[in-house]
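Visitor: here's a sequence, model it:
(2 chains)
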Amino acid sequence: MTRLLEISGLKVHFRTDDGWVRAVDGVDIGVDRGETVCIVGESGCGKTVTAKTVLKLIDMPPGRIVDGSIMWQGRDLVPLAPAQMRGIRAKEIGFIFQEPMTSLNPVYTVGDQIAETVREHEGLSRRAAMDRAAEMLSLVNIPNPTKRVHDYPHQFSGGMRQRVMIAMALSCNPKLVIADEPTTALDVTIQAQILDLLEEMKERLGMAVLLITHAMGVVAENAQRVIVMYAGKVVEEAPVGPLFARPRHPYTQGLIRSIPRLDLAATSHQRLEAIPGSVPSLLHPPVGCRFAARCRHATPECVATEPPLREIDPGHKVACHHAESLAA
Amino acid sequence: MLQYLTRRLLIAIPSLLGISVILFTILALAPGDPFEELATNPAIPPDVRAHLRASLGMDDPVHLRYFAWLTSMLHGEWGFSFVSRIPVDQLILQRLPTTIAVIGTSQIVALCIALPVGVFAATRPYSLFDQIANTLAFIGFSLPTFFTGLLMILLFSIHLGWLPFVFRTSIDATGWRWWWEMARQSIMPIMVLGLFQGAAWTRYVRSAVLDVIRLDHVTTARAKGISEGSVTLKHVVRNAMIPVVTLVALQMPAVFGGAIVTEQIFRVPGVGSLLITAILANDTPVIMGVTFVFACLVVFFNLVADILYGWLDPRISFR
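Guide: Residues are numbered from 1 along each chain as shown, chains lettered A, B, ... in the order given. Below is the predicted model of the structure:
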């Protein structure tokens, strides 16, 4: 059976005054029905661009899909005409954005905005679409939904707005929801609520979730499979258990070591480890391994040739020349 | 809402009073008086002139004259023109239809240019269309109306002889012929003003749309799978209209006040040219009447702009 979503060899470049920025440079990501896949990596590693490219929500120009395919249930989305693409958006793949404060249009009621999606894809009447909107609001646990559909976004708090965004993304019962850092802009207490809600919705509606985040804690909580991205490339992919137990890529190891740990903090005075340096320029990426400059295990081989993504355990792929010897 | 309106209208009263005081004082300070011309006329002895002045109350102190003017205004008496002895309100009402027709149409022309061109250019920034529209808008905006007006007269009236360049109120024709003549003589002032205003508004609309188009909620709208046209109209233009509508509403007093310069060039007998003639003749009651109407309109359209703003933007509430 074909996978729900299969991105292979995706390259997305952006034109700037200085040249082409290779924001996403050969990325393979697969999502199966009903599973939660996390993409992690620090800011600027191409997570969001990858996610937005699936629905072609990046600005083209300056962006361009240079190469690769995005197979959605066996059908390639890359060559799809805008009109056909519209049938995929929201109807089959829902999208939740990072900034709930600015992602809703301030001049329409939340009910109108949810109803707009439903009316577009299911051809419901105005009344029926509003009823559906209220239903969706109650599904995402917004109290008093029949009244609140008539409220404007500014009458909701950040967490509530993100609930509205989730309601909107789920309103047409998509098979996949892409959530682009849905909790980054929220309070810590609200973050947990939103992630729980997402998980609950996933269970109830049986959809798959592609969750983009830079917080390893979120990954451990939610994901079944994790994809670690670095500088526009996938560096490691593994089920969540093995990834945390035996991370193979030095970058993943660094990410995991940079999480505060309660058990360690109590007993020792160990400081949190940070990964030295920063992401290389994607204008002129290094020839070899893109992480080599920041890697303490780097050898001349790493600088000279780029390590391919290879499977070293069943379901565990890593792009590092020294993966075998580095198993932590 | 009603409470808000009442309060705003009450606040308007002191500002209108203030405006009238300032206007009156400035006019009183200005040199010259309406009977200057009579002074050079040997047929009129000085004591007749003095008598005339006294009969019009021109020798009273400024504050007395002001209160006399104010009380009669409150009774609905606008006074008489010093020059033509015609009641001021009648003079204004005579001129108003022409002004509204000519200047009003030009504003509509301006909107019909600015809205589509501005939106279309902003949705394709830096495209060929945008570049051309921008350049033309810049030229149109930079050329003063007295210059384009004269150019047009030179081209269409003198070289080509297609259009009359003096506006006539008394056209001896009826029915379709009258409309045709009216249109023929109005087209130049309308175009001169409309293109100028349109150029300015195009730039404004374009920048308002560009401000909205890169906001997050537009991407959200696109992610809903609605057509690009709906995204532009419902989620970009609708939001960008908030500042544009306000600007246009604030511009409306100019429609009634008339575009003074343009009216002079094409000899359009509108409110603007009435004001100019009155100022040149030191005709205080007419100047006061026209400028006072103008002040009321500014206050009124400010209120309209505020109400429209609140109606377009639900985040604004009236308290």
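Visitor: residue in the stretch 201-319 of chain B nearest to chain A?
Guide: In the stretch 201-319 of chain B, the residue that lies nearest chain A is B:Gly225 (3.5 Å; CB to the nearest CB). The way it works is simple: take the backbone N, C-alpha and C, and place the C-beta from them, glycine included.
Visitor: quick check: that residue touching A:Glu92?
Guide: No: B:Gly225 is beyond contact range of A:Glu92, at 9.1 Å (criterion: CB atoms under 8 Å).
Visitor: in three-state terms, label B:Ala221 for me.
Guide: helix (DSSP: H, G, I helix; E, B strand; the rest coil).
Visitor: quick one: contacts for the residue in chain A positioned nearest to chain B?
Guide: Nearest to chain B in chain A, going by CB to the nearest CB, is A:Arg89, at a distance of 3.5 Å. Residues counted as contacts of A:Arg89 (CB atoms under 8 Å, 6 or more residues apart in numbering or on different chains) are A:Leu55, A:Phe95, B:Arg222, B:Ala223, B:Lys224, B:Gly225.
Visitor: now, of those, which are buried?
Guide: Neighbour counting by 16 or more other CB atoms under 10 Å in any protein chain shown classes A:Leu55, A:Phe95, B:Arg222, B:Ala223, B:Lys224, B:Gly225 among those as buried.
Visitor: out of the helices and strands in the chain, which is least certain?
Guide: Just so you know, I chose chain A. helix A:262-267 (a mean of 60; mean pLDDT, DSSP states H and E).
Visitor: chain B, not that one
Guide: Result, chain B / mean pLDDT, DSSP H and E: helix B:36-39, a mean of 66.
Visitor: residues from chain A in reach of chain B?
Guide: By CB under 8 Å from any CB of the partner chain, the part of chain A that sits against chain B consists of A:55, A:57, A:82-83, A:85-91, A:95, A:97, A:99, A:102-107, A:109, A:116-117, A:120-121, A:152, A:154, A:165, A:168.
Visitor: which among those count as buried?
Guide: Buried among the residues of chain A next to chain B (16+ other CB under 10 Å): A:55, A:57, A:86, A:88-91, A:95, A:97, A:99, A:102-105, A:107, A:109, A:116-117, A:120-121, A:152, A:165, A:168.
Visitor: out of these, name the ones that lie in strands.
Guide: A:Phe95 (DSSP state E).
Visitor: which ones among the buried ones among the residues of chain A next to chain B map onto helices?
Guide: Taking DSSP state H, the ones among these that sit in helices are A:Arg86, A:Ile88, A:Glu116, A:Thr117, A:Glu120, A:His121, A:Met165, A:Met168.
Visitor: hang on, isn't the third one packed against B:Lys224?
Guide: Yes: with contact taken as CB under 8 Å, A:Glu116 and B:Lys224 are classed as touching, separated by 6.2 Å.
Visitor: spell out the secondary structure type for A:His13.
Guide: strand.
Visitor: contact partners for it?
Guide: A:Trp20, A:Val21, A:Arg22, A:Ala23, A:Val24, A:Asp25, A:Gly63, A:Arg64, A:Val66.
Visitor: buried ones among those?
Guide: A:Val21, A:Arg22, A:Ala23, A:Val24, A:Asp25, A:Gly63.
Visitor: greatest separation within those residues: which pair is it?
Guide: A:Asp25 and A:Gly63 (13.3 Å; CB to CB).
Visitor: of all the residues in the helix ranked longest in chain A, which ones are buried?
Guide: Determined from DSSP H, the single longest helix within chain A is helix A:188-205. By 16+ other CB under 10 Å, the buried positions in helix A:188-205 come out as A:Ile190, A:Gln191, A:Gln193, A:Ile194, A:Leu195, A:Leu197, A:Leu198, A:Met201, A:Lys202.
Visitor: would you list those in JSON lines and tack on distance to B:Leu195 and pLDDT?
Guide: Below are the buried residues of helix A:188-205 laid out as JSON lines (distance: CB to CB, whole Å; pLDDT from 0 to 100):
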{"residue": "A:Ile190", "distance to B:Leu195": "53", "pLDDT": "85"}
{"residue": "A:Gln191", "distance to B:Leu195": "55", "pLDDT": "86"}
{"residue": "A:Gln193", "distance to B:Leu195": "57", "pLDDT": "86"}
{"residue": "A:Ile194", "distance to B:Leu195": "53", "pLDDT": "87"}
{"residue": "A:Leu195", "distance to B:Leu195": "57", "pLDDT": "88"}
{"residue": "A:Leu197", "distance to B:Leu195": "55", "pLDDT": "88"}
{"residue": "A:Leu198", "distance to B:Leu195": "55", "pLDDT": "88"}
{"residue": "A:Met201", "distance to B:Leu195": "55", "pLDDT": "87"}
{"residue": "A:Lys202", "distance to B:Leu195": "58", "pLDDT": "89"}
